[in-house]
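S.K.: A predicted structure for the sequence below; I have some questions about it.
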Amino acid sequence: MAKIDKLDLALLQLLAADGRLAMAELGRRVGLSRTATLARVRRLEDVGVIRGYHADVCLPEHAAAYTAAHAARVGIVVKTADVAAYVRRLAALPEVQEVETLAGEYDLLVRIRAGSASRLDEILDRVNGWRETQRTTTWVVLNHYPVA
C-alpha cells in the first residue's frame, strides 16, 4: 500500500466530495502549488488509491425514460458444454449489462437495457435463435428502486 500522509488524506477527502476540482483550487485548499498538487494526485492515481472519477447522477423521474426505457431480466436455460463461450456471446451484445450463472431452474440470469421495445424484442429473438438456447423467460422491469 502507498504511504499516505495528512496532505494526501486532505486531497482525497476534497476529491471524494468534488472530483471536478481544478488542481489549482485543490492545491489552494490544502496549501500546495498546482504543480505539487498535480504530482501528488498523479502518484495517488498511479498506485491505485484513486481508481477513477465519476458522475454521481440522480435523474428526475421523467428523465429516466430517455436513458434506455426498456429494462428486462431474462432467465435462460442453455444446453452447451461451453457456457463461458455462450456468456461471451451474450456479453458482446451492447444492451446486455450483466450475466449471472445460477443454480436452479435457469442456468443464466441476464440484465438487458434496450432503447425501445422493438430493440428488446430483436435481442430476445436473436438469443432464442441460438442453437444452445433451450428456453428463455423474460421479466420486463416496470420500475426500479435503488437501495443504498
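M.R.: Ah, there it is.

S.K.: Which of the helices and strands in this structure ranks last by mean pLDDT?
M.R.: Sorted by mean pLDDT, DSSP states H and E, the helices and strands of the chain end with helix 61-64, the least confident at a mean of 48.

S.K.: Run through who's touching the one helix or strand Thr138 maps to.
M.R.: Element membership for Thr138, per DSSP states H and E: strand 133-140. Strand 133-140 is contacted by residues 70-79, 106, 120, 124, 127-128 when judged by C-beta atoms under 8 Å, 6 or more residues apart in numbering. Every C-beta, even on glycine, is put in place using the N, C-alpha and C of the backbone.

S.K.: Select from these every entry located in strands.
M.R.: Among those, DSSP state E puts His70, Ala71, Ala72, Arg73, Val74, Gly75, Ile76, Val77, Val78 in strands.

S.K.: Does Val99 touch Tyr106 like I think?
M.R.: No - judged on C-beta atoms under 8 Å, Val99 makes no contact with Tyr106 at a distance of 11.6 Å.

S.K.: now Ala114, nearest residue through space, not along the chain?
M.R.: Of all residues not flanking Ala114 in the chain, Leu120 sits nearest, at 4.0 Å (C-beta to C-beta, 6 or more residues apart in numbering).

S.K.: And the one you found, how close does it get to Val127?
M.R.: Leu120 sits 11 Å away from Val127, going by C-beta to C-beta, to the nearest Å.

S.K.: where are the low-confidence patches of this structure?
M.R.: 1-2, 56-68, 148 (pLDDT under 70).

S.K.: Can you give the domain ranges for the protein?
M.R.: 6-46, 61-140 (automatic domain parsing).

S.K.: Among the ones you listed, which comes closest to Tyr53?
M.R.: Comparison of those against Tyr53 by C-beta to C-beta identifies domain 6-46 as nearest, at 4.2 Å.

S.K.: re the thing from before, for Ala55, find the nearest of the domains of the chain.
M.R.: Nearest to Ala55 among these is domain 6-46 (8.4 Å), distances taken as C-beta to C-beta.

S.K.: distance between the closest one and the chain's centre?
M.R.: Centroid separation for domain 6-46 versus its chain: 26 Å, with C-alpha atoms, centre = their mean, to the nearest Å.

S.K.: The residue nearest to the spatial centre of the chain - nearest residue in space that isn't next to it in sequence?
M.R.: The centroid of the chain falls nearest to Gln97 when counting by C-alpha atoms, centre = their mean (7.7 Å). Among residues not flanking Gln97 along the chain, Arg111 sits closest, at 4.6 Å (C-beta to C-beta, 6+ apart).
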